[in-house]
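Colleague: 3D model of this:
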Amino acid sequence: MSNVRIEMKTKTAQFTLSSGSEIEGQVYLSLYSINRSGSQQIDELLNEGDQFFPVKSNEGFVLLNRDHVMLVRAKFIEEEHVLRMMGEKHSVVITTLNQNSIEADVFVDLPRGYQRMKDYLNQPGQFLTLFQPEQVLYINRNYILYITD
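Modeller: Numbering: from 1, shown residues only. The predicted model follows:
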């Protein structure tokens, strides 16, 4: 067996599952993003990672099925998200399948002429990144009923 260890950082997040249950814990993120400079972010883990990913909760480790993660909430740290806040700002209200409403901001950083919400929503990736004053939300598009812009 190999004793090689890969350095990771942890980030605390709250996960709302399709069952309605919630799990709070830490996810492990790479110190290096494959898409941009800096460390891996939660949306990269959700959109590009394995189907099951570990979360360290107070009760121990749990492997979450990405398809059944409805919403992830994490503390907003501006320097981690400055590049995500470029582009045209849209204030939206998202209604989920369970009829919850979420008010948040979305930043659409796409080529000129393609900065509508429709353009953003039709980009690849299972999870959308949303911003509220104190937190970042990652919502699974499969649990969105509709969005008003």
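
Colleague: now do the residue minimising distance to the centre of the chain against Gly113, distance only.
Modeller: Residue closest to the average C-alpha location in the chain (Cα atoms, centre = their mean): Tyr138, at 2.9 Å. Taking Cβ to Cβ, to the nearest Å as the measure, Tyr138 falls 27 Å from Gly113. All C-beta atoms are positioned from the backbone trio N, CA, C, and that covers glycine.

Colleague: same deal with Val55?
Modeller: Separation of Val55 from Gly113 (Cβ to Cβ): 40 Å.

Colleague: those two: who's more crowded?
Modeller: The residue with more neighbours, out of Val55 and Gly113, is Val55; 19 against 7, by other Cβ atoms under 10 Å.

Colleague: name the nearest residue to that one, ignoring sequence neighbours.
Modeller: With sequence-adjacent residues excluded and distances taken as Cβ to Cβ, 6 or more residues apart in numbering, Val55 is closest to Gly25, at 4.1 Å.

Colleague: what helices or strands is the helix or strand harbouring that neighbour leaning on?
Modeller: Gly25 is located in strand 22-30, with elements delineated by DSSP states H and E. Strand 22-30 is packed against strand 8-17, helix 42-48, strand 52-57, strand 60-65, with contacts defined by 3 or more Cβ pairs under 8 Å, 6 or more residues apart in numbering; DSSP states H and E.

Colleague: could you rerun that using 7 Å?
Modeller: Here strand 22-30 touches strand 8-17, helix 42-48, strand 52-57, going by 3 or more Cβ pairs under 7 Å, 6 or more residues apart in numbering; DSSP states H and E.

Colleague: list the buried ones in the first one?
Modeller: Residues of strand 8-17 classed as buried under the neighbour-count rule (16 or more other Cβ atoms under 10 Å) are 11, 13, 15-16.

Colleague: can you tell me the average pLDDT over it?
Modeller: Across strand 8-17, the average pLDDT comes to 94.

Colleague: moving C-terminal of the worst-scoring helix or strand of the chain on mean pLDDT, what's the next helix or strand?
Modeller: Confidence across the helices and strands of the chain bottoms out at helix 78-81, with a mean of 58, counting by mean pLDDT, DSSP states H and E. Of the helices and strands lying after helix 78-81 in sequence (DSSP H and E), the nearest is strand 88-96.
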